[in-house]
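# Next input, structure requested:
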Amino acid sequence: MNKPQYFPALFVAHGAPTFILQPGEAGAALVAMAQKLAKPKAILIVSAHWDTAVPTLNIACRPETIHDFYGFPQELYSMRYPAPGAVSWAMEARSLLEESGFKVELDAKRGLDHGAWVPLKLMYPDASIPVLAMSIQSHLGAAHHYRVGQAIAPLANEGVLIIGSGNLTHNLGDFGRLRGSETTPAYVTDFQHWVKAMLEEKNIEALLDYRQQAPGALKAHPTDEHWLPFYVALGAAGKAFESEPIYSGIQHQMLAMDSYAFWADASEMTRRAT
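Below is the predicted model:
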């Protein structure tokens, strides 16, 4: 299916830090999506690993690469993603958020954690595109993040690629328990299939109420910080969206690596432009 030349919002799975060393089919799918799109003017990425009280935007001119993990191969700690910052886009994002009633803060020191630089290093390895990071607010839930996505949606009309980076399922307790196992718990595939079905139905209400309605929700996300970037991406596409699966699969028996592109329809793009 041919897509018009504007940007979708993406939800990408960043997996374990070793994803950058062993990207497999999931990584290849992200590379293919990046190659399919026009080159963005900037990237706004929302990582599950930056959690603040209110929406916060980084305004570092050259964000540092943060190695926010322990006990992994030494090769990872030498990796860098030296993308330029996107200060002017941060100011525009702040204006959009404030116009929608959000209190916003700026952070001149924050760099790019692995939820940001790992998928970006796969998708845009030359690190030439300016990158703006935005935080989640794990205490405020799905609906809040959906509204954040709605607020920043006009950036997509201006050539900014909005990315939410997390995981479709994320249970670190099971990560340790299932190590070496060949068994995938039922909740992983149950949640995976439910999300796919709700997206096909465009059932935003059910997706926002996932903790009550999704099978296996509490096991898929004992805490929901890795799922909240999904709602920013979904909100950025508007209510009349089309979802395009980028990849579906499972790593380490419990990490669903499903990624999606959310395309706004023509009427939504026109509304934003007026």
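# pLDDT below threshold where in this structure?
Under the criterion pLDDT under 70, the flagged ranges of the chain are 1-5, 175-181, 266-274.
# max-length helix in it?
For the chain, the longest helix by residue count, based on DSSP state H, is helix 186-201.
# Residues contacting the next helix or strand after it, please?
Next helix or strand after helix 186-201 toward the C-terminus (DSSP states H and E): helix 204-208. With contact meaning Cβ atoms under 8 Å, 6 or more residues apart in numbering, helix 204-208 is reached by Ala142, Ala143, Tyr146, Val195, Met198, Leu199, Gln213, Ala214, Tyr231, Leu234, Lys239. Backbone N, C-alpha and C define where each C-beta goes, glycine included.
# So which residues of the stretch 1-150 of the chain form strands?
Secondary structure of the stretch 1-150 of the chain (DSSP state E, counting those that start in this stretch): strands at 9-13, 42-51, 56-58, 105-107, 131-136.
# Any idea which of those strands gets closest to Phe191?
Nearest to Phe191 among the strands of the stretch 1-150 of the chain is strand 9-13; the distance by Cβ to Cβ comes to 13.1 Å.
# okay, the angle between the longest helix of the chain and strand 9-13?
170 degrees (axes from the mean of the first three to the mean of the last three Cα atoms, to 10 degrees).
# other SSEs contacting helix 186-201?
Judged by 3 or more Cβ pairs under 8 Å, 6 or more residues apart in numbering; DSSP states H and E, helix 186-201 is in contact with helix 204-208, helix 217-220, strand 241-247, strand 250-251, strand 255-256.
# Off-centre distance for it?
Distance, stretch centre to chain centre, for helix 186-201: 18 Å (Cα atoms, centre = their mean, to the nearest Å).
# and it with strand 241-247, angle?
140 degrees.
# which of the contacts of helix 204-208 tops the neighbour count?
The residue in these with the most neighbours, by other Cβ atoms under 10 Å, is Tyr231 (29 neighbours).
# List phi and psi for it.
With angles defined as degrees, to the nearest 10, Tyr231 sits at phi -70, psi -30.
# now it: how far from Val195?
Going from Tyr231 to Val195 by Cβ to Cβ, to the nearest Å gives 12 Å.
# Tell me the spacing between the residue nearest in space to the middle of the chain and Asp174.
Centroid-nearest residue in the chain: Gly164, 1.6 Å away (criterion: Cα atoms, centre = their mean). The span separating Gly164 from Asp174 equals 23 Å under the rule Cβ to Cβ.
# Right, I'll leave it there.
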